[in-house]
Structures are given as structure tokens and as C-alpha cells.
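Participant: okay, here's the prediction I keep looking at, along with the sequence it came from:
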Amino acid sequence: LQKAVLQLSVHDEKIRKKAFVTVSRSQGVTSITMDDKTGKMTLVGEVDTPVLVMKLRKLCNAEIVSVEVVKPPEKKPEPAKPAPAKPDTTKPAEIVAFPVTHMNYPYQYHSSYANSHYQPYGNSRVVVEEPNTCVLM
């Protein structure tokens with residue numbers, strides 16, 4: 001990750017909102033902060049800063065103040081959790097079962113559909129060119 005500080009000359013609320021939208025749409029930006037008094041915008045994320053500044057220059061005067069590499073915070077190792085106690089073997093284990101029917105999911109494929117026979121379309125006919133021809137209507 002990198003932290004980039006940009007100096008923007010924003011004199012209007014409308015331009016400030018457009019700058020925020022332009023920056024937030026760029027890929028890799030994780031956080032955006034802006035100080036209205038000084039006009040400094042701070043970006044954090046995997047972003048191409050010069051390309052972003054070129055986009056912002058279409059809206060207002062933008063300059064790069066600083067770019068720093070930010071290391072992610074180190075995770076503290078979690079203490080080992082004690083092993084769970086063994087269950088009491090004198091009591092039988094409780095079994096919970098849910099009945100599974102074909103109506104649990106109404107749009108699910110069911111094997112009974114494969115065995116159904118559909119009648120051919122009403123106005124179809126089959127013509128076979130053999131001496132013993134048969135026409136189905």
C-alpha cells in the first residue's frame with residue numbers, strides 16, 4: 001500500500017465533490033480524506049498517483065506533495081485456546097435430522113422429471129422414405 005498526499009486548489013463545493021468522485025472511482029483506492037482548510041487530499045491504496053493527478057487536473061490545479069509506502073499493521077499472534085472438554089459418554093448424543101423432500105427447493109431438478117414422457121407436438125408428422133411408409137398425424 002502507499003499513502004499519497006495531493007495538494008488541490010478547490011474553491012467550490014461542486015468541484016470538491018467531483019474530485020472525490022474521480023478519486024473514488026479509480027481502482028485500488030482504499031481510503032480518501034481531505035482537509036478543506038489546507039486543500040490537501042490523502043489517498044491510501046494501490047493507486048497510480050501520476051495518472052490520478054492527471055485526471056484531477058481536468059477539474060482543478062493538482063500537485064503531488066508526497067508519496068510514502070505504508071506497511072500493513074502486524075497481526076499479534078493469538079494465544080492458544082485450550083482444547084474443548086471431552087463430551088460425557090454416559091448420555092447418548094443428540095441427533096438432529098431434517099427431512100429432505102423434493103419440495104424443499106421448488107425450482108430444483110428432480111429425477112422424476114427424467115422419467116416423464118412428453119407427447120409430441122400436435123401438428124407434427126414423420127415421413128420416412130421406405131417401401132412401407134407410415135405417416136403419423
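Facilitator: Looks like it arrived, so ask away. Residues are numbered from 1 along each chain as shown.
Participant: could you pull up the mean pLDDT of the lengthiest helix in the chain?
Facilitator: The helix that spans the most residues within the chain, counting by DSSP state H, is helix 13-25. Averaged across helix 13-25, pLDDT comes to 92.
Participant: quick one: contacts of it?
Facilitator: Counting by C-beta atoms under 8 Å, 6 or more residues apart in numbering, helix 13-25 makes contact with 8, 10, 29, 32, 34, 36, 41, 43, 52, 55-56, 59-60, all of which sit outside it. For every residue, glycine as well, the C-beta is placed using N, CA and C.
Participant: switch to 6 Å and redo it
Facilitator: Contacting residues not belonging to helix 13-25 are listed as Val10, Ile32, Lys55, Leu56, Leu59, Cys60 [C-beta atoms under 6 Å, 6 or more residues apart in numbering].
Participant: could I get those residues as TSV with neighbour count and secondary structure?
Facilitator: Supplementary listing: these in TSV, determined by neighbours: other C-beta atoms under 10 Å; DSSP: H, G, I helix; E, B strand; the rest coil:
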residue	neighbour count	secondary structure
Val10	21	coil
Ile32	15	strand
Lys55	14	helix
Leu56	22	helix
Leu59	18	coil
Cys60	16	coil
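Participant: show me which of those residues is closest to Glu74.
Facilitator: Nearest to Glu74, judged by C-beta to C-beta, of those is Ile32 at 24.7 Å.
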